[in-house]
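Participant: model this:
(2 chains)
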Amino acid sequence: MSPRARPLATVAEPAAPRLGVRKTYKLYIGGEFPRTESGRVYEVFGARGASLANACRGTRKDIRDAVRAARNVQPGWASKTAFNRSQILYRIAELMEGRRDQFIAEVMASEGIGRQRATRLVNAAIDRWVWYAGWADKFPQMVGTVNPVAGSYFNFSVPEPTGVVGIIAPEGSSLLGLVSRLAPVIVSGNCAVVLASESRPLPAVTLTEVLATSDVPGGVVNLITGLRRELVPHLAGHMDVNALDAFGLDPAQITAIEEIATENVKRVARPPVAGLDAFDWLSASAQSPYLIGEFVEIKTVWHPIGS
Amino acid sequence: MTLVKKPDGRPAASWGLSARGIPWEYAPAPESTDHIQIRPQYGLFIDNDFAPSRPRATFEVINPATEEPLAQVARASKADVNRAVTAARRAYDTVWSRLPGSERAKYLYRIARIIQERSREFAVVETMNSGKPIKESRDVDVPLAAAHFFYYAGWADKLDYAFPGRRPRALGVVAQVIPWNFPLLMLAWKIAPALAAGNTVVLKPASTTPLTAYLFAEVVRQADLPPGVVNIITGPGEIGMELVRHPDINKIAFTGSTVVGKMIARAVAGSRKKLTLELGGKAANIVFDDAPLDQAIEGIINGIYFNQGEVCCAGSRLFVQESVYEPLLDKLKARLSTLRVGDPLDKNTDVGAINSAGQLAKVAELVQSGIDEGAEIFQPDCVLPDRGFFFRPTLFTGVSQSHRIAQEEIFGPVLSVLTFRTPEEAVEKANNTPYGLSAGVWTEKGSRIFKMVAAMKAGVVWANTFNRFDPTSPFGGYKESGYGREGGIHGLGAYLDLSADGTTGR
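Facilitator: Sure thing, here's the model as predicted:
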C-alpha cells in the first residue's frame, strides 16, 4: 500500500464550509435559456439589501425574439385540445410542488417576508395553476353560446385566444402575482411574453425552469428580465403583440403605455386605479374566469340549415 | 317632400339596367314618399326636447341619390356636448338607475313596437338619407333595428342570470359614435344594449346621415322615455371627439374607421372609460372547388355589393380555388351584369347611391389605383343616373396581395378576385391583413368548413352564406378591426361593470 493512498476516513482536517454553486439567471425565450443579447446584467438585491444575483438586462431585441418565438408556436398551442392544455397546466403545479422549498426560499429573499407568509404565497401560486388548469375545458362552455337567430341558420360563438399577449408582471408579488396573471393568459391558448418584476425577478426565472421541464411547449411562455423603463414601451408598441396585460404597471404610466398600444389596436388590461400596493393576491378576486375573458376573442360562425 | 327625380326622361331601362344583362325591362317601381315628413330643421335632441345648438349653427343634409337638400341640422358645439352629457348624467342619477329592470324592459319593448309600427317611414327616410336601396332598408335595416330593441328589452330584468359569479352593474353615461352606412341599425346596436344594461346615452350619428336618428328621437318621445335617457347630438367628427373626451363619460362605443378608432383609443388612454371599437375590415371570401357555385355567386354578390359595399364586413377579397376560377368568374360577371343600379327608392334597385361625394371620390381613387397597379377591371355597362353619387359595381382580376385594392378598405362596390391552390394557401392569404372582422367560406365538405372556420382570424365567419346579422349573434373584430362584441349576451356584457364578485366564495 502506497503511503499516499490513505483512506479518506482518516482525514483529520476540520470540515471547510462547502462553497455553494450559484445559478446564472437567464432569460427564457422559445424554450431556451439565452443570456440577453446586450450582454449586460443588473444586480438584484433582496428586500433586506443583500445582493442576490445578477439578472439579465434584457433589450428590445430580446423582446422581438421572444415575440417571434411566441408567434411561431401560438397556433400549435391553441390547437391542442382543451383537455391537453388542462393537463399541461396541472403538470406545472406538480413540478412546482416538487420545488416548493426553493420557491419559498426565493420568495422570502426577494420579498423580505417570513417563512410562514412565503409558504402561503407559494402554496397559493401552485394551487392557482390547478385552478386555472380546470378552466381550460370549462371556460369555452361558460362563455360559448349557440345563438337562436331568426332564420334558418345554425349559429354559434366560441372563445379563441387573442394571440400573443405581453404581460407586465406585478412588481411586488414576485411569484404569486406573476402566476395569477400568466395562467389565465395561456390557459385559453395564448402565448405570453412576460416582463418579470424588475426588483424581484428571481422567482420568475425559477418558474421558467419549471415550465421548461413541464410539458409546456417552448415559446408558449417567454420571460424577459430587465429595466422596465427600457422594456415596457417596446412591448406595448410591438406590432405583433395582440394584447397587453398592464395590471402590473404603475398606474402613473398607463396613459403613455395605452397610447403606444393603440398603434395596432391592442387589447389592454389596465392596472387598478390605486395600484397594487394594497392588492391581496390571496383574495378570491385575484383569480377569475373573467380574467381569461380579457384575452380571448369571440368568434361567431353561421351556416345555413337545409337539405 | 320632393321625390327623387327621374333623370331627364330617359327610358326606364336606363335606370341602371344593362340591355345585355337582363332580357326584359323593369318599369320604375318607386316607393312612395307621400307619407314622409322630413322637417326643414332639426335641433339637437337633449332632455327629450329638440333645441337649436348654442351658438346657433346648422349644416345641410342631402339625399346622395339626387344631391338635393333634405334638411338643416343643428351643429353641436362643445357646450352642447356638455349639456347632453349633463342631461344623461342627471337622468342616470335621478331616474334610470333607480328604475327596476322590468320597467326598463317595457320601455325598450315600446320602442321596438313603435319602430315596427313606423317601419315604412323609417325605411324611406333611411333610403333617402343614406342612398341605400329601399329593399334593403325595408327588409334588413329597419326590421333588424326593431329586433335589436326587442331582444335587449328582454335582458333588462335578467342581468343577474347572464354572467355567472358576477353582480352586474350599469356603467353610467355612455357615449356612442356611429357611422353612415347603417344609420338606424347602428343606432339600435348601440342604444338597445346600453339602455337594457341600465345606462343612459349620448349618441352622435354620422354627419351625413342623422335623419333616422332624429326620427328615432321622436320615437323616444312617443315611448315616454324619461328625459335625458337618450340624447342625440349632431355635428362633424370633432364633436364626436369632444363627446368621447368628456370627463363624465363612463363608456364609449364606436363604430367606424380604424384610423378614427385609434384616435379615440388614444384620446381615452389613461382614463377609466370602458371602450369598445368596431372598426374596418377587408374580409376574405373563400370559394373551394367543391362549393355549390350558383349559391356561392349569390353569396359573393351579396357579400360585396350589399349596401354598395359600404359595409365594414364586406367580402371585398374573393379567393377562388384555381380549378374553378374560370367557370366562377364567368358566372360572376354575368350575375354582375344583372344588378340594377340606380334610384335607391325603386323597389327593384340592387345597388343604390354611394353615401357622399367624398366617399365616391375615395372609391374612384382606389379603383384608379387598381388600374394603375396593373389589375384588370370589369364593370357592367349599366347606365348611371346623371345626378347623385353612383358607382358601377366593379370587380378586379389579376389582383396581387400587394395591390392597394387588396390591402385597403375601399368601402364601396369593388371586389378583388385572387386565387389559391391549397387550403393552407387560402388561410395564409386570407389572414394576411391587419384587419380581422369577418370571413366567408364556401365548400360542401363539413370537416373543411370547421378547419377553415378555426383558422380564420376573424370575429364572424359565414360558411356557405354571407352578411347575415341577428340581435342574438355577437359581431365584432379581431386585430385592428377592433375589440368588444355587439349582439347577443356578449354585446350585453360590453355595457356592464362586471368587476363585482357575486360568488359565495365556496
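Participant: Torsion angles phi and psi at the residue nearest in space to the middle of chain B?
Facilitator: Chain B has B:Phe182 as the residue nearest its centroid, 3.7 Å off, counting by CA atoms, centre = their mean. In terms of degrees, to the nearest 10, the main-chain angles of B:Phe182 are phi -130, psi 70.
Participant: Assign the closest residue to it other than its chain neighbours to helix, strand or coil.
Facilitator: Distances taken as CB to CB, 6 or more residues apart in numbering or on different chains place B:Asp141 nearest to B:Phe182, at 5.8 Å, with adjacent residues excluded. Every residue, glycine included, has its C-beta placed from N, CA and C. What DSSP: H, G, I helix; E, B strand; the rest coil gives for B:Asp141 is helix.
Participant: ok, B:Asp141 to B:Lys132 distance?
Facilitator: Distance of B:Asp141 to B:Lys132, computed by CB to CB, to the nearest Å: 7 Å.
Participant: repeat for B:Thr394
Facilitator: Distance, B:Thr394 to B:Lys132, by CB to CB: 18 Å.
Participant: These two: which is more packed in?
Facilitator: Comparing B:Thr394 with B:Lys132 by other CB atoms under 10 Å in any protein chain shown, the one with more neighbours is B:Lys132, at 31 against 25.
Participant: Next one: the spatially closest residue to A:Gly76 that is not a sequence neighbour relative to B:Ala406, how far apart?
Facilitator: Distances taken as CB to CB, 6+ apart place A:Pro217 nearest to A:Gly76, at 6.7 Å, with adjacent residues excluded. Using CB to CB, A:Pro217 is found at 34 Å from B:Ala406.
Participant: Mind listing the shared neighbours of B:Asp141 and B:Lys132?
Facilitator: Taking CB atoms under 8 Å, 6 or more residues apart in numbering or on different chains as the contact rule, B:Asp141 and B:Lys132 both touch B:Glu126.
Participant: Okay, and the closest residue to chain B within chain A sits in which element?
Facilitator: Chain B sits closest to A:Thr255 of chain A, with a gap of 2.7 Å, by CB to the nearest CB. With elements taken from DSSP states H and E, the one containing A:Thr255 is helix A:254-261.
Participant: For that helix, buried residues please.
Facilitator: A:254, A:257-261 (16 or more other CB atoms under 10 Å in any protein chain shown).
Participant: hey, C-alpha coordinates of stretch B:188-206 in PDB?
Facilitator: Coordinates of each C-alpha in stretch B:188-206 appear next as PDB, following Å, rounded to 0.1, in the frame of the first residue of the first chain:
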ATOM      1  CA  ALA B 188     -80.100  50.200 -32.400                       C
ATOM      2  CA  TRP B 189     -77.000  48.100 -31.900                       C
ATOM      3  CA  LYS B 190     -75.700  50.800 -29.600                       C
ATOM      4  CA  ILE B 191     -78.700  52.200 -27.800                       C
ATOM      5  CA  ALA B 192     -80.600  48.900 -27.100                       C
ATOM      6  CA  PRO B 193     -78.000  47.100 -25.000                       C
ATOM      7  CA  ALA B 194     -76.900  50.300 -23.400                       C
ATOM      8  CA  LEU B 195     -80.400  51.000 -22.000                       C
ATOM      9  CA  ALA B 196     -81.100  47.400 -21.200                       C
ATOM     10  CA  ALA B 197     -78.000  47.400 -19.000                       C
ATOM     11  CA  GLY B 198     -79.200  50.500 -17.200                       C
ATOM     12  CA  ASN B 199     -77.000  53.200 -18.800                       C
ATOM     13  CA  THR B 200     -78.100  56.500 -20.300                       C
ATOM     14  CA  VAL B 201     -76.900  57.600 -23.700                       C
ATOM     15  CA  VAL B 202     -75.500  60.400 -25.700                       C
ATOM     16  CA  LEU B 203     -75.300  59.300 -29.300                       C
ATOM     17  CA  LYS B 204     -73.700  61.100 -32.300                       C
ATOM     18  CA  PRO B 205     -74.800  59.900 -35.700                       C
ATOM     19  CA  ALA B 206     -72.600  60.400 -38.700                       C
END
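Participant: Only the buried residues of that stretch, if you could.
Facilitator: By neighbour count on 16+ other CB under 10 Å, the buried set for stretch B:188-206 is B:188-206.
Participant: need the contact list for the residue nearest to the centre of chain B.
Facilitator: Going by CB under 8 Å, 6+ apart, B:Phe182 touches B:141, B:307, B:311.
Participant: Ok, A:Ala55 next?
Facilitator: Contacts of A:Ala55 (CB under 8 Å, 6+ apart): A:25, A:41-44, A:201-202, A:205, A:225-226.
Participant: ranking those by neighbours, who comes first?
Facilitator: A:Thr225 (29 neighbours).
Participant: and B:Gly487, how far is that from chain A?
Facilitator: When distance is defined by CB to the nearest CB, to the nearest Å, B:Gly487 is 8 Å away from chain A.
Participant: quick one: that residue and B:Gly459 touch, right?
Facilitator: No: B:Gly487 lies out of contact with B:Gly459 (CB atoms under 8 Å); the separation is 10.6 Å.
Participant: what residues are shared contacts of those two?
Facilitator: Shared contacts of B:Gly487 and B:Gly459, defined by CB under 8 Å, 6+ apart, are found at B:474-475.
Participant: picking that back up, can you pick out the most distant pair from the contacts of A:Ala55?
Facilitator: Using CB to CB, those span at most 14.4 Å, a distance reached by A:Glu43 and A:Val205.
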